[in-house]
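**Q** This is a predicted model, with the sequence first.
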Amino acid sequence: MKKILIILYFLSFCSCSLNPSFHSNRDPAIGDSSEFILNHSTWGKPKDKKIIVRSNGTDEEWIYERGILYIKGGLLTSIQEFKME
C-alpha cells in the first residue's frame with residue numbers, strides 16, 4: 001500500500017509540474033486539493049464553511065456567493081454553481 005501511495009504522489013507531482021496552468025489562477029476542478037483552491041483558484045477563500053466529521057473522514061462544504069464546493073479528504077469532489085440571473 002505504501003508503494004502505491006508513493007507512486008500516486010509522484011505521478012500527481014509530475015503531471016502538475018508539466019502543466020503550465022497549474023500555478024496560474026483558474027476555476028476549481030474536480031480533484032483539486034483544498035490548498036490549491038485556497039491559494040491558486042479564482043474562487044479563493046470561502047465566505048463560510050460547513051464541516052461534517054464522520055467515522056471515515058471529514059467532509060466539507062465551502063460556501064461562496066457563486067456556489068458551493070464539496071470537499072472530501074482534502075480533495076474537491078463536487079461543484080454546485082448557483083444560477084446567476
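**A** Thanks, I have it. Since we're looking at a predicted model, the values are computed, not measured.
**Q** helix or strand right after the helix or strand of the chain with the lowest mean pLDDT?
**A** Least confident helix or strand, the chain: helix 2-18 with a mean of 50, by mean pLDDT, DSSP states H and E. Moving toward the C-terminus from helix 2-18, the first helix or strand encountered (DSSP states H and E) is helix 34-40.
**Q** buried stuff in that next one?
**A** Neighbour counts over helix 34-40 (16 or more other C-beta atoms under 10 Å) mark 34, 36-37, 40 as buried. For every residue, glycine as well, the C-beta is placed using N, CA and C.
**Q** Kindly report the same for stretch 74-85.
**A** 76, 79.
**Q** Looking at the buried residues of helix 34-40, spot the one nearest residue 79.
**A** Comparing the buried residues of helix 34-40 against residue 79 with C-beta to C-beta places residue 37 closest, at 10.3 Å.
**Q** Point out where the protein drops to low pLDDT.
**A** Filtered on pLDDT under 70, the chain yields the residue ranges 1-24.
**Q** Swap in 90 and give it another go.
**A** 1-25, 54, 56-57, 83-85 (pLDDT under 90).
**Q** Give me the contacts around stretch 36-54.
**A** With C-beta atoms under 8 Å, 6 or more residues apart in numbering as the test, stretch 36-54 has contacts from 22-28, 32, 58-66, 69, 71, 76.
**Q** chain center to it, what's the gap?
**A** Here stretch 36-54 is found 8 Å from its chain centre; the criterion is C-alpha atoms, centre = their mean, to the nearest Å.
**Q** Check the offset of the helix or strand harbouring residue 58 from the chain's centre.
**A** Per DSSP H and E: residue 58 is located in strand 57-63. Distance of strand 57-63 from the chain centroid (C-alpha atoms, centre = their mean) equals 10 Å.
**Q** same deal with stretch 44-59?
**A** Worked out by C-alpha atoms, centre = their mean, stretch 44-59 lies 12 Å from the chain centre.
**Q** Of the contacts of stretch 36-54, which qualify as buried by neighbour count?
**A** Buried, going by 16+ other C-beta under 10 Å: 28, 32, 60-62, 64, 69, 71, 76, out of the contacts of stretch 36-54.
**Q** Can you pick out the most distant pair from the residues you listed?
**A** 32 and 61 (15.3 Å).
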